[in-house]
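[1] have a look at this prediction, sequence included:
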Amino acid sequence: MRIAIASGKGGAGKTSVAASLASVWDSPLVAVDTDVEAPNLHLFLPPQVEGSSKAWLEVPSLDLAACSKCGKCREICSFKAIASFAGNISIFPDMCHGCGGCFAVCPSQALTPGSRELGVLDQGTVLVRSAIAQVTFVDRWGDEGVRYWMQDVQDNRAIVCDMQDWKTYAIPFAMDGDNVVVDWDGKKRVKVQYVDWEDGAAEPELPVLYEELAGRIDAAKKAISDYAEVKAQLNEIQPKYDAYVAAEAAAKQAADEAKRAQLFELMDKKLEGVAEYAALRENKDMEFSALEDECYKLLGKKAAEFSYMPPKNAKGEVKNARFGVDGVQMQPAEGKYGDLFERYHVR
């Protein structure tokens, strides 16, 4: 089984989750921290380092004599590790991600594999930690937990803190193949020896990690405080905003009803007895602009029916005419304007 824990955001808890899973895994496993900038799994699972090796990345090396200066390597590089100055190709190994695209597109085979050192890969085992963690105790609150909290490994001794008395001890151990043999009887109390700090020396990783975590916790607390303040302001403003929105809606509705009443007062006199108008009057969902358009369409239709003048070549032919809303319509009406356009020869 392979489990990968990944995230693009620092501080999300990838290492914490990985270390927690590894500490409770009940079978042999390989834990690898592949963070190239700040690998810190060893802070949670201190290993007994058994070997180190350098890690390298394959990067291009340019043969100037063979280069045709076509620029194809520069075009394919997404990381700007290859540039062209006055027609000459330059390579920046520190920016190269080792994708190999430049090798594939170079027509003159002017690029050959080179290498760039990425860092050091330490390899070790945390079997000692697992062996030490087998011993448990019941604390003052009645909860069972790990008795010895491992702090370091020095030669063949595990440096631990005894959670029963909060004192520091060194416990000898030996390796029997892949098994750790702990000499519990050889447990001996030890103390920390303080020496003068050397100016310019690198800070211990654990305090640095603690300071970083503390800073992030403070930032999270401030964000929570700021959110609470903004939420309180919103709660104070919300009733006023809701009242304003309700007043605006009421005013809009009142204005719409007033415009409808004015329109109906005008149209009642002109479209009395028209069935389509009666249906429009009952339609409460239609917007005012659409309602106004439909009313004037009906008004125009009625006016057209009463002002019909037959064409000269059809004098005396009134079989297709309709003189009034209540007149007899001889042909079927389809569409918004019935058959007015067809009957009155409108093109």
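    Great, that's in hand. Quick caveat, the model's predicted, so the values are computed rather than measured. Numbering: from 1, shown residues only.

[2] okay, CA-based contacts and neighbour counts for the rest of this
    OK.

[3] tell me where the stretch 1-150 of the chain has strands.
    Counting by DSSP state E, counting those that start in this stretch, the stretch 1-150 of the chain has strands at residues 48-62, 82-85, 88-91, 111-125, 136-138, 144-146, 148-154.

[4] so which elements touch the next helix or strand after the last one?
    Next along the chain after strand 148-154, taking DSSP states H and E as the criterion, comes strand 157-162. Strand 157-162 is packed against strand 148-154, strand 167-176, with contacts defined by 3 or more Cα pairs under 8 Å, 6 or more residues apart in numbering; DSSP states H and E.

[5] mind putting these into TSV with mean neighbour count and mean pLDDT?
    Shown next, in TSV, are those (neighbours: other Cα atoms under 10 Å; pLDDT from 0 to 100):
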stretch	mean neighbour count	mean pLDDT
strand 148-154	18	83
strand 167-176	17	89
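
[6] Serialize those strands to a markdown table and add fields for distance to Val32.
    Formatted as a markdown table, these follow (distance: least, Cα to Cα, whole Å):
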| stretch | distance to Val32 |
| --- | --- |
| strand 148-154 | 19 |
| strand 167-176 | 22 |
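
[7] how about those, which one is nearest Ala18?
    strand 148-154 (17.6 Å; Cα to Cα).

[8] give the pairing partners of that closest one; include direction for each.
    strand 157-162 (antiparallel) (DSSP bridges).

[9] Leu299: neighbour count?
    Using other Cα atoms under 10 Å, Leu299 has 16 neighbouring residues.

[10] an error on my part: the question was meant for Lys297.
    Using other Cα under 10 Å, Lys297 has 14 other residues around it.

[11] quick one, phi/psi of it?
    Main-chain dihedrals, Lys297, degrees, to the nearest 10: phi -60, psi -40.

[12] quick one: contacts for it?
    If you count contacts by Cα atoms under 8 Å, 6 or more residues apart in numbering, Lys297 has none.

[13] in terms of pLDDT, where does it sit?
    Note for Lys297: predicted pLDDT of 88.

[14] between the strands of the stretch 1-150 of the chain, which gets nearest to Ile171?
    strand 148-154 (9.6 Å).

[15] got a list of contacts for the closest one?
    Outside strand 148-154, the residues that touch it by Cα under 8 Å, 6+ apart are 46-48, 129, 132-133, 135-136, 158-163.

[16] mind giving me the ChimeraX select for those residues, buried ones only?
    Burial among the contacts of strand 148-154 is assessed by 16 or more other Cα atoms under 10 Å; the matching ChimeraX selection reads:
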select :46,47,48,129,132,133,158,159,160,161,162,163
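
[17] where is pLDDT lowest across the contacts of strand 148-154?
    Minimum pLDDT across the contacts of strand 148-154 falls on Gln48, with 65.

[18] what score does Ala314 have for pLDDT?
    The model reports Ala314 with a pLDDT of 52.

[19] identify whichever of the strands of the stretch 1-150 of the chain lies nearest to Gly101.
    Nearest to Gly101, of all these, is strand 48-62, at 9.9 Å by Cα to Cα.

[20] list the buried residues of the closest one.
    Residues of strand 48-62 classed as buried by neighbour count (16+ other Cα under 10 Å): 48, 57-62.

[21] from these, pick the one nearest Lys14.
    Gln48 (22.2 Å).

[22] distance check, Ser84 against Pro93.
    Taking Cα to Cα, to the nearest Å as the measure, Ser84 falls 15 Å from Pro93.
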